[in-house]
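**Student:** model the structure of this input:
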Amino acid sequence: MARKDLQGRDNWQTESGPGGKAGVAEQNLIAVFKEAFKGTDYVISDHPNNLKHLYENVQLSPETLSQIFNPDATTMKNAQRRGWGVSPDFSITNKKTGKILFGEIKRQDGWVEGKDPSAGRGNAHERMCKLFTPGLMKAYRKIGKIDDTSILPFWVVLEGDITRDPKRNREIAFWFDEYEKNFFMWRPNEGGQVLIDHFNKYLKKYLD
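**Tutor:** Numbering: from 1, shown residues only. You can find the predicted model right below:
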C-alpha cells in the first residue's frame, strides 16, 4: 500500500507546537498514513466526529433522574453543543466498504537506561482502558462495522520511552491478552513503514 518508506519521526518532531509532544505524535502518524493511502481506497481522519455525541441521548432511569441535576432543555442543549461523547485521535476508513478502525495515540515517558523506575509513572496509557468498557466496545463495533470478534474495533499506538519500559510493556501486553495486534509500540527512531506494515499485515483485512 505504501509507495515508499517514510523518513523517521525524529526529523519531524519538535519540542514546541500547539499540542506539545503528544500533538506532534498524532500529526506524525496521520502524515505517515496520508502518504501511504494516496491512490488507495483508504483514508485517515484526524479526530473524527463519529462518536462526538455518543452520550447525549442515553436514557437514565426515573430513579436516577430524580436524584441528579436536570437543567432545562435550552441549558442542556448549550452544554451539549461541543458534544458529549468521545473523540478518537484518528480513524482509518475503507471508502469502499465503509468500515472504520478508530485509533488512539498515547505518548508517555518510561523507565529506560539512565532513568529511575519512577520515570514510568505517567497515566496516559491508563486512559485507553475506557476503550474496553462494554458500552464503548459496542458503539465502536456498530459505527465502525467491525463485527469480527477475533479483533478489537480499535487500534492503540504508543510512543515515547513507554515503548521500552519493562513494566509498561508487560502491563499493556497483559491488558490486551490475545488481542496483541490491537496495540503497537512505535519505538524511538523507527520510521513510518513499521506502522504501515503492521496495519497491512494485521488490521487491514478487517476493513475489507
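
**Student:** ok, residue 62 - contacts?
**Tutor:** Applying C-beta atoms under 8 Å, 6 or more residues apart in numbering to residue 62 gives no contacts. (Glycine included, C-beta is placed from N, CA and C.)

**Student:** begin at 563 from now on, thanks
**Tutor:** New numbering, starting at 563: the last item is residue 624.

**Student:** do you know the pLDDT at it?
**Tutor:** pLDDT for residue 624: 98.

**Student:** and residue 572, what pLDDT?
**Tutor:** Looking at residue 572, its pLDDT is 37.

**Student:** make sure residue 689 is indeed in a helix.
**Tutor:** Yes. The assignment for residue 689 is a helix, going by DSSP: H, G, I helix; E, B strand; the rest coil.

**Student:** mind listing what the residue most central in space within the chain touches?
**Tutor:** Residue closest to the average C-alpha location in the chain (C-alpha atoms, centre = their mean): residue 666, at 1.1 Å. Listed by C-beta under 8 Å, 6+ apart, the contact set of residue 666 reads 650-651, 690, 693, 716-719.

**Student:** at 6 Å instead, please
**Tutor:** With contact taken as C-beta atoms under 6 Å, 6 or more residues apart in numbering, residue 666 is in contact with 651, 690, 718.

**Student:** quick one: secondary structure of residue 613?
**Tutor:** Assignment for residue 613 (three-state DSSP): coil.

**Student:** surely it touches residue 648?
**Tutor:** Yes. Between residue 613 and residue 648 there is a contact at 4.7 Å, judged by C-beta atoms under 6 Å.

**Student:** let me see the ranges of the strands in the protein.
**Tutor:** Under the criterion DSSP state E, strands of the chain are mapped to 604-608, 652-656, 662-669, 716-721, 745-748.

**Student:** if I look at residue 756, how far off is residue 643?
**Tutor:** Using C-beta to C-beta, to the nearest Å, residue 756 is found at 40 Å from residue 643.

**Student:** do the same with residue 764
**Tutor:** 38 Å.

**Student:** more neighbours, these two?
**Tutor:** Taking other C-beta atoms under 10 Å, residue 764 and residue 643 do not tie; residue 764 has more neighbours (15 against 7).

**Student:** ok, now which ones touch residue 647?
**Tutor:** Residue 647 is in contact with 613-617, counting by C-beta under 6 Å, 6+ apart.

**Student:** ok, which stretches of the chain are helices?
**Tutor:** Using DSSP state H, the helices of the chain run over residues 582-598, 624-627, 635-641, 696-706, 728-738, 755-760.

**Student:** any chance of CSV for the ones you listed, columns distance to residue 683?
**Tutor:** Output for the helices of the chain, formatted as CSV (distance: least, C-beta to C-beta, whole Å):
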stretch, distance to residue 683
helix 582-598, 17
helix 624-627, 36
helix 635-641, 34
helix 696-706, 26
helix 728-738, 10
helix 755-760, 27
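
**Student:** and those, which one averages the lowest pLDDT?
**Tutor:** Across the helices of the chain, helix 582-598 gives the lowest mean pLDDT, at a mean of 78.

**Student:** between the helices of the chain, which gets nearest to residue 686?
**Tutor:** The closest of the helices of the chain to residue 686 is helix 582-598. By C-beta to C-beta, the value is 7.6 Å.
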